[in-house]
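**Q** Below is the structure, and that's it, no one-letter string:
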DNA sequence: TACTACTCCCCCAAATCAGGTTATTTTTAA
DNA sequence: TTAAAAATAACCTGATTTGGGGGAGTAGTA
């Protein structure tokens, strides 16, 4: 019999073999308890709220609605639970959408069993478990392109523009003349080969200049 | 004698006791080699390029120039090396500035010795080692505020505004009338109690509405 | 039914933006 | 220490955008 303080885990995974593997792994680990396991979001939706899980292991590639799109809905059904993504995909778009939609961790499926258990433990203790490559991609998303053609001041001004501030306001806050700001902007446009704020911001963000 | 394939590690840490601790730990781990250890960036700057480290352990609170501000300069001196931040500070501003300035990992000083070793290993293999709390903070930075007062369309439009696009262009890309965009913006301003693009963007970002 | 979200219309004045050219001073790097 | 790069500022023009006021219809939902 499982104790009351067991960590309650739910699983949504369409591949039966893999799903049963997780159920077996977690069910046989002391301190953990599987309170629900489903092959799709649709199946889970009806019952998961009463399962009252602490942690949900979620596959991203599900039949019907994808795991990523299911995330916000699951969040509403079980707002207190932590959701860990388990997937074979390591595409940046998927990762960032998953994290943006409320996932608290992101593991690839080659994660060894003991690591899955420790990830569940970790997320319960306030951590954010991620596979090594995922963590690197997340960190990289914060980093700038060293080879930016923009000078320090130009970069600073373009960042300010990206916050929606007018040229006049930027001038005031940087203690320089409006004409100077305009000069910088002209130079930025020339360097990036654009003719508007929006295009400059897009180009700069795409290339990690800002 | 250390072999040629040892991972070459440098350390910049002002506290001598801690620094010597790291030197001892790493120097006595097979497969790792300490090629330099310094109490400040200024001391490191002269010699670190010839040390040719694979990984640099960097403290953020240094005498003179701070570790975070030293990061870009260190990157230029040793562009091939991975830099791991080691610190007692867990403030978000510090973390994001460090990652933005080129750090490949972020560890707190209560990290046990074996974890420091495995973090060095991990970063060499393409990972992004982070302490549990740091990882959670990084993940949280991607997440939205569920309690946003903005509707889906308003959020979408404010996001578009934040990319620098004009109302006309937003209208075209969303296939709605310019007047509709203006209506949404008025509603956004009212809800956020602001009177300009810049203030709306700032409020929305501060509160993670976008 | 009332409410919310989304859509569209009219009006207005002020402010901002994009582009051109030139030129001085300050910083940085060779 | 000198040349190059970066940052600063000026003057010009015309087109575009912005913020704010009002009102109103439609669809979907509680």
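**A** Looks like it arrived, so ask away. This structure is a prediction, so every number in the text was calculated from the model and none was measured.
**Q** what residues does the helix or strand of chain A with the lowest mean pLDDT touch?
**A** In chain A, no helix or strand scores lower on mean pLDDT, DSSP states H and E than helix A:67-77, which sits at a mean of 88. For helix A:67-77, contacts defined as C-beta atoms under 8 Å, 6 or more residues apart in numbering or on different chains pick out A:12, A:41, A:44-45, A:48-49, A:56, A:58-62, A:65, A:81, A:83, A:85, A:87, A:94, A:97-98, A:101-103, B:146. Where you see a C-beta, it was placed from the backbone N, CA and C, and this is true even at glycine.
**Q** Just list the residues touching the closest residue to DNA strand C within chain A, thanks.
**A** Of all residues in chain A, the one sitting closest to DNA strand C is residue A:195 (2.9 Å; C-beta to the nearest atom of the strand). The neighbours of residue A:195, taking C-beta under 8 Å, 6+ apart as the test, are residue A:189.
**Q** Where do the strands of chain A begin and end?
**A** Using DSSP state E, the strands of chain A run over A:7-12, A:32-38, A:55-59, A:82-87, A:105-108.
**Q** So which bits of chain A are right by chain B?
**A** A:75, A:96, A:99-100, A:102-105, A:122, A:125-130, A:132-133, A:135-140, A:142-144, A:146, A:161-166, A:169, A:196-198, A:200-202 (C-beta under 8 Å from any C-beta of the partner chain).
**Q** Hmm, residue A:61 and residue A:40 touching each other?
**A** No - shown here, residue A:40 and residue A:61 do not form a contact pair, counting by C-beta atoms under 8 Å, at 11.0 Å.
**Q** neighbour count winner among these two?
**A** Neighbours per residue (other C-beta atoms under 10 Å in any protein chain shown) separate residue A:40 from residue A:61, with residue A:40 holding more: 17 against 14.
**Q** thinking again about what came up before, buried residues, the least confident helix or strand of chain A. List them.
**A** A:67-68, A:70-71, A:74-75, A:77 (16 or more other C-beta atoms under 10 Å in any protein chain shown).
**Q** circling back to that earlier point, what would the strands of chain A look like in CSV with mean neighbour count?
**A** Putting the strands of chain A into CSV (neighbours: other C-beta atoms under 10 Å in any protein chain shown) gives the following:
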stretch, mean neighbour count
strand A:7-12, 23
strand A:32-38, 20
strand A:55-59, 25
strand A:82-87, 24
strand A:105-108, 22
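**Q** closest point of chain A to DNA strand D, which residue?
**A** For chain A, C-beta to the nearest atom of the strand, closest residue to DNA strand D: residue A:151, 2.7 Å.
**Q** Now do that residue, the pLDDT please.
**A** pLDDT for residue A:151: 97.
**Q** neighbours of it, just the number please.
**A** Neighbour tally, residue A:151, other C-beta under 10 Å: 13.
**Q** Now do the contacts for it.
**A** Residue A:151 neighbours (C-beta under 8 Å, 6+ apart): none.
**Q** The residue lying closest to residue A:197 once chain neighbours are set aside: what's it in contact with?
**A** Leaving out its chain neighbours, the residue that sits closest to residue A:197 by C-beta to C-beta, 6 or more residues apart in numbering or on different chains is residue B:164, at 3.9 Å. In this structure, residue B:164 makes contact with A:161-162, A:164, A:196-198, A:200-202, judged by C-beta under 8 Å, 6+ apart.
**Q** if we can go back for a sec, show me just the buried residues among the residues of chain A next to chain B.
**A** A:75, A:99-100, A:102-105, A:122, A:127-130, A:132-133, A:135-139, A:142, A:161-165, A:169, A:197-198, A:200-202.
**Q** Now intersect the residues you listed with the helices, please.
**A** Among these, the ones falling in helices (DSSP state H) are A:75, A:99-100, A:122, A:132-133, A:135-139, A:161-162, A:169, A:197-198, A:200-202.
**Q** what's the domain layout of chain A?
**A** Domains of chain A are assigned by automatic domain parsing as A:7-140, A:152-206.
**Q** looking at those, which one has the lowest mean pLDDT?
**A** domain A:7-140 (a mean of 93).
**Q** Can you give me the end-to-end span of that domain?
**A** Start to finish, the residues bounding domain A:7-140 are 33 Å apart (C-alpha to C-alpha, to the nearest Å).
**Q** One more: stretch A:82-94?
**A** Termini of stretch A:82-94 sit 18 Å apart (C-alpha to C-alpha).
**Q** who touches both of residue A:40 and residue A:61?
**A** Shared contacts of residue A:40 and residue A:61, counting by C-beta under 8 Å, 6+ apart, come down to residue A:14.
**Q** for DNA strand D, what are the nearby residues on chain A?
**A** A:151-154, A:174, A:176-177, A:179-180, A:182-184 (C-beta under 7 Å from any atom of the strand).
**Q** Let's see that with 6 Å instead.
**A** Contact residues, chain A versus DNA strand D (C-beta under 6 Å from any atom of the strand): A:151-154, A:176-177, A:179-180, A:183-184.
**Q** of the residues you listed, buried ones?
**A** For the residues of chain A next to DNA strand D, buried by 16+ other C-beta under 10 Å: A:154, A:184.
**Q** between the residues of chain A next to DNA strand D, which is closest to residue A:209?
**A** Of all the residues of chain A next to DNA strand D, residue A:209 sits closest to residue A:154, with 9.0 Å by C-beta to C-beta.
**Q** Identify each buried residue in the top helix by length along chain A, please.
**A** In chain A, taking DSSP H as the definition, the longest helix is helix A:178-192. Under the neighbour-count criterion of 16+ other C-beta under 10 Å, helix A:178-192 has A:181, A:184-185, A:187-189, A:191-192 buried.
**Q** Tell me which residue is most central in chain A.
**A** Centroid check for chain A by C-alpha atoms, centre = their mean gives residue A:99 as the closest residue, at 2.0 Å.
**Q** Excluding chain neighbours, what is closest to that one?
**A** residue B:142 (4.0 Å).
**Q** Surely that neighbour and residue A:100 touch.
**A** Yes - assessed by C-beta under 8 Å, residue B:142 is found in contact with residue A:100 at 4.9 Å.
**Q** what sits opposite residue A:55 in the beta ladder?
**A** residue A:9, residue A:82 (DSSP bridges).
**Q** Quick one: residues contacting it.
**A** The neighbours of residue A:55, taking C-beta under 8 Å, 6+ apart as the test, are A:7-10, A:81-84, A:120, A:123-124.
**Q** Dump the strands of chain A into TSV; add distance to residue A:114 as well.
**A** Output for these, formatted as TSV (distance: least, C-beta to C-beta, whole Å):
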stretch	distance to residue A:114
strand A:7-12	15
strand A:32-38	12
strand A:55-59	15
strand A:82-87	15
strand A:105-108	12
